[in-house]
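Asks: sequence and predicted structure below; questions after.
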Amino acid sequence: MMDLAGWHPIAAATDVVRRHVFHGQLLGREVAVWRADDGFVNVWENRCLHRGVRLSMGLNDGRELRCLYHGWRYANRSAGCTYIPAHPADAPARRICNRTYPGVEAAGMIWSAVAPEAEFALPEVLVGTDPLVLRPVSVNAAPGVALSMAEGLVPGGSVARGASVLFGQAGLVVFVQPLDAHRCVLRGVLLRQPEDRIAALRDHDGLLCALREGIEAAGEAAPAPLEVSFQPVDEALGQMPARGVGGGELRVQVTRKWAAAEGIVGVQLRALRGVLPTFQPGAHIDVHLPNGMRRPYSIVNAPGEEGYTIGVKRDDAGRGGSICLHDAVRQGDVLAISAPRNTFPLRRDSERVLLIAGGIGITPMLAMAQALAVQGIAYALHVFARSAAHVPFAERLEGLAVTRHLGLDAAQTGAALSGILSGYAFSHHVYACGPAPMLSAARQIAAAQGWTEEAVHLEYFANPEAIDDSSAFEIALARSAMTLQVPAGRTILQVLQENGVDLPSSCEQGACGTCVCGVLEGDVAHQDVYLSASEHAANDRIMTCVSRAKSARLVLDI
Amino acid sequence: MKLYDFELHAECYAARLMLSLLGVPHEVETVDVYPEAAHLTPAFRAINPLGRVPVLEDGALRFGTVQGILAYLAAAYDTSGQWAPDTAVLRGEVAGWMAIAAELAATAGQARLIETMFAQGDAEAARAGAEGLLRVIDQHLWFGEVEGRDWLCSAPHPTIADIACFPHLVLSEDGGISRQDYPAIRRWIDRVKRLPGFTVMSGVFATSSAL
Amino acid sequence: MAQDRGALMTELCNDPVMLEHWHPVVSLEELRRHGRCRTMLLDRAVEIVAQGEGAVVRCEAALVGSLVQYGYVWASFGEAPKPLFAVPEFDEADRRFVVTGVFGVQVSAGRAIENFLDMGHFPYVHAGILGEEPHTEVKDYDVEVSQNRDEILATRCRFYQPKAAVSSDAGAEVDYIYRVPHPNCAVLYKSSPMDAARLDVIYIFVQPMGQERIRAHTGMCIIDDASSDLEIRSFQQTIFGQDKPILENQYPRRLPLDPRAETPIRADKSAIAYRRWLASKGLRWGVIPAGV
Ligand SMILES: [Fe+2]
């Protein structure tokens, strides 16, 4: 059996060009290797987890890789699925992530390993060199056969013991990349840059081609290809209907904090180790603050960008979360955050998308606008703010289709919204995030102009309604076989959590949609602003943080 | 102008691609090549005695080989003069690659017809012949990248040689020839797909934008 | 890669599920054209020779059970093959039956059938013909496994199609019904642009040559007197030609039956039912059985 732990060169750095997907192989495992526009080299199993189609035929748009078969999009770095076009209204609730292999770019080559036991270390012979990478030469012969035959054919050849490396005279080193049991690639490098680069490349290419000819002509019987078994997907993913539950906490470092606008700080977060989970436009994270509070913030990143960036508006009248982030949190601090959750998913099956942002409501709209721009879907971003100085992330707005509406009063805002929302047509969608009065106005104007309820998507910062928690009722948990009492003054969510039932939650005021739960029986007294009127009427879901029962009993699908 | 065409035919694709790249308006008449073999009927042999598609008709002129069609279109309709350049070096290079395109048709193209449409022949021998050619083409394109040349010929732009070779290379998998071993060919395929006026055929997909 | 082929051909299929079915081996049209046809079925070389209105099928000189139906010669190595499924529409006198051709594909039969059932790929693989971005949504539909007929039925399927009607350039939702009455055969019914009350029938009959190599026989049985056979054939060949590179780039080639091998979504309901149905039959040949 071949050793799966070793690191091997699998491509030259120059193989992985902009907006291209390289088709490679290591020890029987096919890989799709692609470089994002930010330079990061992704090494992924060459198989879309949906239906097994090779990702090497996919499309590299610089930030995401799109599978050719069903258009599923996978993010740079994390390999997580960001969008499933067949279900445009759903946030991919489940964490679908392609299998990745480690990839390191060093000495002009991309190195990877199937099952590494140690971190990558550049082979001794290459340390401190600036090598010239020769043209790779693939050989139809077993790697071991190629190596032992090459030893006799390369002038001054000797094989390093226990390694797939051959040393020749004049600074020639040949790595034998095992594609499979019966095939390999000779990857030669010259340890010193020669004077005439092209002549040296041609000379040594001739040598390696002759080597290949000799090896293949010997006609040693090739062993059977390696058996490759594919790792099964998570059990939850194998079953069709599943609802996502936010994962555990992640540790991140504040790598940058800056004044993004009047009263707004930008905070850039990076993983302490590895890669942060994939986010979709519209998603938020919960930030656990040093003062013990936990607050949701929308991610403003463009697709495939490293880390998460959030924008935080100072709210002196608020509950203290923003003040803590403004005053106490510093660059270099380590914070705990939740995995991204998306309760404000962006449909991308639209002919045209309107994005309306009020104040700090620009944060999810920025992520959406950047995603739509990358994907080439028609959109317009309308930003409402007190003044130009109150609009954050100017650098991200550059190049986006943005219109600024500055310093408008309520009546002027209404008039502007009327103009923006005129001309509704089939397959148009509007997304808005901002202060409650603005969203209420947007909802009314849209309805008056013929927008269907399904085409209007609003995200509230907070629930403007006063919550009535005076009722008392019983809840039965269908799947957990438990019956619990909800007294006046306590919420369903609190009662569930007190009884060890883990339901994710975030804003806890009926605005964000995180703590949704299915309703099987009973009448719901809705008090949230997340669900639409028709969703309220359907009576099949409840926001457990604020809504209650009209009937004496509710049966919940949990 | 009229093209006698069969959608799944590699050389018909070369003709369609050239027409599209040059933006030449034309009509298409589909010939029922598979499974009806309409190209072998006396009626079609009256149009092309060789009994094959593509055939290009321009007024009273008729061209019944893909090499003839590409050369004629470039000479008659390419105002830029780039597709069939007339320097001595480039003429020689283009002629050489046109010959290799014909060899690709006889190997990779033949393997495709055997595997996909059950033509008679030895698929293994066809693939072995194609492998020899693909190794040489990949090497040529790799050194092209090193030397700052993107295309088969030494001109700083594509020529009819690229168009003649492209269908056989991009459709090689139909004949059971993986392109995994030919990374420089794979990159050149992306470059061809990004030419303004590029058009796909059934079985060939567009690539992502370069910008 | 060339080196990989052949290794799978050493063992002959002995899976009773496959042996006990009728399999298409050649269309009468193709047989008439050449008089005989040499091909593979379940790893075995077979020869079909036209005889009168019908045909004789032989494998290594031994006679193989055969019948002629739906314009094809069907063969089986079984003692008492399961009766061939019924498609009543094929017998309707005013329909045209157009054989659109047979294509060799390097894939398992299961992958080919699953692709035939799939609507989600229309805007990507058949862009501008069967679907078009941004209209990518697969709306909820119904799937049942009919116990008495032993087949899969997907109904209430709808998908946005550009230029849905012959008479206009506008896109519209098109209705589909899918039937899988045989592990390797599927039929789809689609609203006819000619007659709102009736449905066109499009079929795929897969001839499994080996576990990872098929002949896909496709055709249509439609209400249309405007299009020529040539137009209908070209259309269907274009569609199949677009699917082919996808099929040949599915990895692994055999259809995995373990529910955790790949990631189904709601749009894949019919594929999930299909995989479960094959697993319930105990099929092992041409698939990767669960728990392997
Ligand atoms: Fe398809």
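Replies: Structure received. Since we're looking at a predicted model, the values are computed, not measured.

Asks: and stretch A:31-42, how far from the chain's centre?
Replies: Distance of stretch A:31-42 from its chain centroid, counting by CA atoms, centre = their mean, to the nearest Å, is 14 Å.

Asks: what about it and chain C, touching?
Replies: No - using CB under 8 Å from any CB of the partner chain, we find that stretch A:31-42 stays clear of chain C, coming within 10.6 Å at best. Yep, even glycine has a C-beta here, placed from its N, CA and C like the rest.

Asks: how about that stretch: buried residues?
Replies: A:31-36, A:41-42 (16 or more other CB atoms under 10 Å in any protein chain shown).

Asks: how about residues contacting that stretch?
Replies: With CB atoms under 8 Å, 6 or more residues apart in numbering or on different chains as the test, stretch A:31-42 has contacts from A:10-11, A:15-18, A:20-25, A:43-46, A:54-56, A:58, A:60, A:62-63, A:65, A:76-77, A:79, A:100-101, A:103, A:105, A:110, A:112, A:304-306.

Asks: same thing with stretch A:54-62?
Replies: Under CB under 8 Å, 6+ apart, the answer for stretch A:54-62 is A:18-23, A:30, A:32, A:34-37, A:44-48, A:65-68, A:74, A:98, A:304, A:374-375, B:180, B:205, B:207-209, C:245, C:249-251.

Asks: go again using 6 Å as the cut-off
Replies: Contacts to stretch A:54-62, defined as CB atoms under 6 Å, 6 or more residues apart in numbering or on different chains, come from residues A:19, A:21, A:23, A:32, A:34, A:37, A:44, A:46, A:48, A:65-68, B:208, C:249, C:251.

Asks: pick out the one among those with the largest number of neighbours.
Replies: Within these, most neighbours by other CB atoms under 10 Å in any protein chain shown means A:Cys48, with 30 neighbours.

Asks: quick one, what contacts that residue?
Replies: By CB under 6 Å, 6+ apart, the residues touching A:Cys48 are A:55, A:67.

Asks: what about it, which helix or strand?
Replies: Using DSSP states H and E, A:Cys48 sits in no helix or strand.

Asks: hang on, the earlier thing: the contacts of stretch A:54-62: which two are farthest apart?
Replies: Across the contacts of stretch A:54-62, the longest distance by CB to CB is 26.9 Å; it joins A:Asp37 and C:Tyr251.

Asks: need the longest strand for chain A.
Replies: For chain A, the strand that runs over the most residues, judged by DSSP state E, is strand A:249-261.

Asks: tell me the angle of the helix or strand that it is followed by relative to strand A:249-261?
Replies: Sequence-wise, the next helix or strand downstream of strand A:249-261 (DSSP H and E) is strand A:264-271. Strand A:264-271 runs at 150 degrees relative to strand A:249-261, counting by axes from the mean of the first three to the mean of the last three CA atoms, to 10 degrees.

Asks: neighbouring strands of strand A:264-271 in the sheet, and parallel or not?
Replies: The pairing partners recorded for strand A:264-271 under DSSP bridges are strand A:249-261 (antiparallel), strand A:308-313 (antiparallel).

Asks: how about it: buried residues?
Replies: For strand A:264-271, a neighbour-count test (16+ other CB under 10 Å) marks A:264-269, A:271 as buried.

Asks: returning to that earlier point: any of the contacts of stretch A:31-42 buried? List them.
Replies: Neighbour counting with 16+ other CB under 10 Å marks A:10-11, A:15-17, A:20-25, A:43-46, A:54-56, A:58, A:60, A:62-63, A:65, A:76-77, A:79, A:100-101, A:103, A:110, A:112, A:304-306 as buried within these.

Asks: contact partners for C:Ala279?
Replies: Residues in contact with C:Ala279 (CB under 6 Å, 6+ apart) are C:257, C:290.

Asks: at 10 Å instead, please
Replies: C:257-259, C:287, C:289-291 (CB atoms under 10 Å, 6 or more residues apart in numbering or on different chains).

Asks: which SSE is it in?
Replies: Counting by DSSP H and E, the element that carries C:Ala279 is helix C:269-280.

Asks: could you do A:Ala425 as well?
Replies: Here A:Ala425 is assigned to no helix or strand, by DSSP H and E.

Asks: go ahead and confirm it touches A:Ala378.
Replies: No - between A:Ala425 and A:Ala378 there is no contact under CB atoms under 10 Å: 11.4 Å.

Asks: hey, what's in contact with both of these two?
Replies: Shared contacts of A:Ala425 and A:Ala378 (CB under 10 Å, 6+ apart): A:351-352.

Asks: mind checking which of the two has more residues around it?
Replies: Neighbour tally, A:Ala425 and A:Ala378, criterion other CB under 10 Å: the higher count belongs to A:Ala378, 13 against 9.

Asks: for residue 176, give me its contacts.
Replies: This is for chain A. Contacts for A:Val176 were tallied using CB under 10 Å, 6+ apart; they are A:8-9, A:139, A:141-147, A:150, A:159, A:163-166, A:184-187.

Asks: to clarify, I was referring to chain C.
Replies: Contact partners of C:Tyr176, counting by CB under 10 Å, 6+ apart, are C:117, C:119, C:141, C:154-159, C:161, C:188-191, C:199, C:202.

Asks: again, only this time at 6 Å
Replies: Counting by CB under 6 Å, 6+ apart, C:Tyr176 has contacts C:157, C:188, C:190.

Asks: same check on A:His288?
Replies: A:294, A:336.

Asks: break the chain into its domains for me.
Replies: Unless you meant another one, I'm taking chain A. A:1-122, A:123-220, A:259-337, A:352-460, A:473-556 (automatic domain parsing).

Asks: could you do chain C instead?
Replies: Domain segmentation of chain C under automatic domain parsing yields C:12-84, C:88-288.

Asks: how long is the last one end to end?
Replies: Spelled out, it's domain C:88-288. Domain C:88-288 stretches 33 Å from its first residue to its last (CA to CA, to the nearest Å).

Asks: just stretch C:85-99 next, same as before
Replies: Terminal residues of stretch C:85-99 lie 19 Å apart, using CA to CA.

Asks: also stretch A:175-194?
Replies: 19 Å.

Asks: what's near enough to touch A:Leu421?
Replies: A:445-446, A:449.

Asks: any weak-confidence spans in chain A?
Replies: Low-confidence segments of chain A, defined by pLDDT under 70: A:1, A:91-95, A:161-163, A:235-248.

Asks: all helices for it, in order.
Replies: A:143-153, A:197-218, A:235-238, A:321-327, A:362-375, A:394-397, A:410-420, A:436-448, A:492-498, A:533-538 (DSSP state H).

Asks: let me see the domain layout of chain B.
Replies: Domains of chain B are assigned by automatic domain parsing as B:2-77, B:88-193.

Asks: want to throw those into JSON lines with mean neighbour count?
Replies: As requested, the domains of chain B are arranged in JSON lines below (neighbours: other CB atoms under 10 Å in any protein chain shown):
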{"stretch": "domain B:2-77", "mean neighbour count": "18"}
{"stretch": "domain B:88-193", "mean neighbour count": "20"}
